[in-house]
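# Curious how this folds, go ahead:
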Amino acid sequence: MNKFLAVDTSSSHLTVLAVNGEKTVLRHAKDCALRHSVMLMGEAEKALDEAKLTPAECDFFCAVTGPGSFTGIRIGISAAKGFALASGKPLMPLTAFELIAYNVKASDFYAVIDAAHGHFYACRFKDGASGEPEYVSGENLAASNVEMYGYQPLGLPRYTALDAGECLMPAVLKKLESSSPFGGMHALYVRKSQAEEGRK
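Coordinates of the predicted model:
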């Protein structure tokens, strides 16, 4: 399981990772949220070419399933499912919370993602176990007095921002070590989209 393609389109950035044994190609673009659909397949093709890897040679395909950008999440999942269906290979779903948590060494912390309008998606990890994902206000989150980690500049107290481009590889490798790294791939929505919430 040392040949794979992983993508993250869940936030404002785009990360594509192609691994072919010892050869690793990482392509990361910041602040391209409105261009995921335009950029993803081209970046995936470039990464695969640089890694001298074809989709048929991949052992599996991974995508970050959210929470985050509703549109971005669907784009990444659709691409991974398309590759997997065409090649008959398994899928590795990776939540944005796992993407963060697998890169943190603390024993008690929140993985935090911007949900806009002063709110956040948060999931607490304690002693290796994860709690339930929450949609919480910044005020309530700040009052928790727990360390927080994420990959966006959030301005929260006790918060550490990780490098989004550097998080994907360690997270995929650690997910591979879990008891069930592969399975169905579905979007993780902690709340309804703005359009859905606006419906009567």
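
# What distance do you get for the spatially most central residue of the chain to T9?
Geometric centre of the chain, nearest residue: V64, 3.3 Å, by C-alpha atoms, centre = their mean. Using C-beta to C-beta, to the nearest Å, we find V64 at a distance of 7 Å from T9. Bear in mind the C-beta positions are built from the backbone N, C-alpha and C, glycine included.

# Also L188?
For L188 relative to T9 (C-beta to C-beta), the value is 13 Å.

# Now list whatever residues contact both of these two.
I73 (C-beta atoms under 8 Å, 6 or more residues apart in numbering).

# Next, work out how far apart the residue nearest to the centre of the chain and S10 are.
Applying C-beta to C-beta to V64 and S10 gives a distance of 4 Å.

# any common contacting residues for these two?
Contacts common to V64 and S10, judged by C-beta under 8 Å, 6+ apart, are I73, G76, A96.

# Next up, the contacts around the residue nearest to the first one when sequence neighbours are not counted.
What sits nearest to I73 in space, not counting adjacent residues and going by C-beta to C-beta, 6 or more residues apart in numbering, is G66, at 4.3 Å. Applying C-beta under 8 Å, 6+ apart, we find G66 in contact with S10, I73, T95, A96, A187, L188, Y189, V190.

# From the structure, what's the count of residues near the second one?
Around I73 there are 25 other residues, counting by other C-beta atoms under 10 Å.

# Kindly report the same for the fourth one.
For A96, the number of neighbouring residues by other C-beta under 10 Å comes to 30.

# For the nearest residue to V146 once chain neighbours are set aside, which three-state class applies?
Leaving aside its sequence neighbours, V146 sits nearest to Y110 (C-beta to C-beta, 6+ apart; 5.5 Å). Classification of Y110 using DSSP: H, G, I helix; E, B strand; the rest coil returns strand.

# after the longest helix seen in the chain comes which helix or strand?
With secondary structure taken from DSSP state H, the chain has its longest helix at helix 70-87. Following helix 70-87 in sequence order, the next helix or strand is strand 91-94 (DSSP states H and E).

# sorry, back to before: may I ask which of the contacts of G66 has the most neighbours?
When neighbours are counted by other C-beta under 10 Å, S10 leads these with 32 neighbours.

# so how many other residues sit close to the closest residue to it other than its chain neighbours?
Once flanking residues are discounted, S10 sits nearest to G68: 3.5 Å by C-beta to C-beta, 6+ apart. Applying other C-beta under 10 Å, we find 28 residues neighbouring G68.

# On the three-state scheme, G68 is what?
Applying three-state DSSP: G68 is coil.

# pretty sure it is touching L99, no?
No - if you go by C-beta atoms under 8 Å, G68 and L99 don't touch, sitting 9.8 Å apart.
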